[in-house]
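Peer 1: sequence and predicted model, in that order:
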Amino acid sequence: MKPDNDAVAVDAFLVTLWQAENLSDNTRDAYRRDLAKLATRLAEHGRGLLAADTDTLRAVLADDASRPSTRARLVTSVRRFYRHARAAGWRDDDPSVRLATPKRGLTLPKTLSERDVDALLAAPDVAAPLGLRDRALLELVYATGLRVSELVGLRLGQFDLNEGCLTTVGKGDKERKVPMGQVAMRWLERYLAGARPKLLADRQSDALFVSERGQAMTRQAAWLLVSRYAAGLGFPGVSPHTLRHAFATHLVNHGADLRVVQLLLGHADITTTQIYTYVARERLKALHALHHPRG
């Protein structure tokens, strides 16, 4: 049965997609944002999602000034929605079939030099419980390359200090084991022994990283924490994902096999990991230009 309105149609589409592919909350929310953005633009043309035609979709997408990667993702969301709409009998046609996919330029991820990472990791005041927590968190992100959602989702049972590894669940509910490294482990031990009990006081939590209120840290809190320390050092626009990029880039710079980096990052496709070979190459070119007499 055809949905009564576009909002109901989007909800039904997302439920079907979630059941079929076990989408993460973040991926589902991204689809919802894309379709809400599309619906708003279509309304300006006097159309709704379920009534849009190819020409209107092209006009809306042509006016999108987002980055190529964002536009490409939007086209993907549009195509999946209308493919589902036709399969579900909501429409007799698929107006997205002839839409062109925007070309993706090679956008190198923002990263930090090893010296800049050292400065960032040393920024927290480890004499205070929150500072010790922050140091342990920063060290762990740089040592493991975890996504921020994986980081704040860590529970006490997910790491083994004797083995030196942690187990995390990434995109698509795929589990992977990641080594933590000796330095990160030492800071984690200090945090667990000294800061975490003080932050929890008499409260109980199985979350690894907790707030002043004794609750599990949120993604937003982790982003704010990293960006605040980075901004204080004059590094604007730095996030936990920047440390994830630095983790991968520095591994490649020091000769790590790309397949190993892929496994550590939890990438499903090696082509996603290959971007770090370009980052390393651009870094070498910059160093050559800076230091070689004929650079």
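Peer 2: Thanks, I have the structure now. Not measured: the values here are computed from a predicted model.

Peer 1: ranges for the helices of the chain?
Peer 2: With helices called from DSSP state H, the chain shows them at 6-21, 25-44, 54-62, 68-87, 114-121, 129-144, 148-152, 182-190, 196-200, 219-232, 240-253, 258-265, 270-273, 275-291.

Peer 1: give the buried residues for the fourth one.
Peer 2: What that stands for is helix 68-87. Buried residues in helix 68-87, counted by 16 or more other Cβ atoms under 10 Å: 71, 73-75, 77-82, 84-86. Using the backbone N, CA and C atoms, a C-beta is placed for each residue, glycine as well.

Peer 1: ok, now the fifth one?
Peer 2: For helix 114-121, the neighbour count (16+ other Cβ under 10 Å) marks 116, 117, 119, 120, 121 as buried.

Peer 1: same question for the shortest one.
Peer 2: When neighbours are counted by 16+ other Cβ under 10 Å, the buried residues of helix 270-273 are found to be residue 273.

Peer 1: counting contacts, what elements does it pack onto?
Peer 2: When contacts are defined as 3 or more Cβ pairs under 8 Å, 6 or more residues apart in numbering; DSSP states H and E, helix 270-273 packs onto helix 258-265.

Peer 1: how far out from the middle of the chain is the helix it packs on?
Peer 2: 16 Å (Cα atoms, centre = their mean, to the nearest Å).

Peer 1: could you list every helix and strand in contact with that helix?
Peer 2: Using 3+ Cβ pairs under 8 Å, 6+ apart: helix 258-265 touches strand 175-179, helix 240-253, helix 270-273, helix 275-291.

Peer 1: got the contact list for it?
Peer 2: Outside helix 258-265, the residues that touch it by Cβ atoms under 8 Å, 6 or more residues apart in numbering are 144-145, 176, 178, 244, 247-248, 251-252, 270, 272-274, 276-277.

Peer 1: one step back: now, which of the buried residues of helix 114-121 sits nearest residue 48?
Peer 2: residue 120 (47.3 Å; Cβ to Cβ).

Peer 1: Serialize the helices of the chain to TSV and add fields for mean pLDDT and distance to residue 159.
Peer 2: Below are those laid out as TSV (pLDDT from 0 to 100; distance: least, Cβ to Cβ, whole Å):
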stretch	mean pLDDT	distance to residue 159
helix 6-21	88	29
helix 25-44	89	23
helix 54-62	87	44
helix 68-87	87	33
helix 114-121	96	19
helix 129-144	97	9
helix 148-152	93	12
helix 182-190	96	8
helix 196-200	96	13
helix 219-232	95	17
helix 240-253	91	17
helix 258-265	88	15
helix 270-273	77	24
helix 275-291	61	25
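
Peer 1: put the buried members of the contacts of helix 258-265 into a PyMOL selection.
Peer 2: Restricted to buried positions by 16+ other Cβ under 10 Å, the PyMOL selection for the contacts of helix 258-265 reads:
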select buried, resi 144+145+178+244+247+248+251+252+273+276
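
Peer 1: nearest to residue 58, of the contacts of helix 258-265?
Peer 2: Nearest to residue 58 among those, with distances taken as Cβ to Cβ, is residue 272, at 28.8 Å.

Peer 1: and that closest one, what does it touch?
Peer 2: Residue 272 makes contact with residue 262, according to Cβ under 8 Å, 6+ apart.

Peer 1: gap between it and residue 248?
Peer 2: 10 Å (Cβ to Cβ, to the nearest Å).

Peer 1: who's in contact with the spatially closest residue to residue 140 that is not a sequence neighbour?
Peer 2: In this structure, residue 140 finds its nearest non-sequential neighbour in residue 184, 5.0 Å apart by Cβ to Cβ, 6 or more residues apart in numbering. Contact analysis of residue 184 by Cβ under 8 Å, 6+ apart lists 136, 139, 140, 142, 143, 144.

Peer 1: ignoring the adjacent residues along the chain, who's closest to the fifth one?
Peer 2: Nearest in space to residue 143, with sequence neighbours left out and distances taken as Cβ to Cβ, 6+ apart, is residue 184 at 3.6 Å.

Peer 1: cool, the first one as well?
Peer 2: Residue nearest to residue 136 in three dimensions, not counting chain neighbours: residue 191, with 3.7 Å by Cβ to Cβ, 6+ apart.
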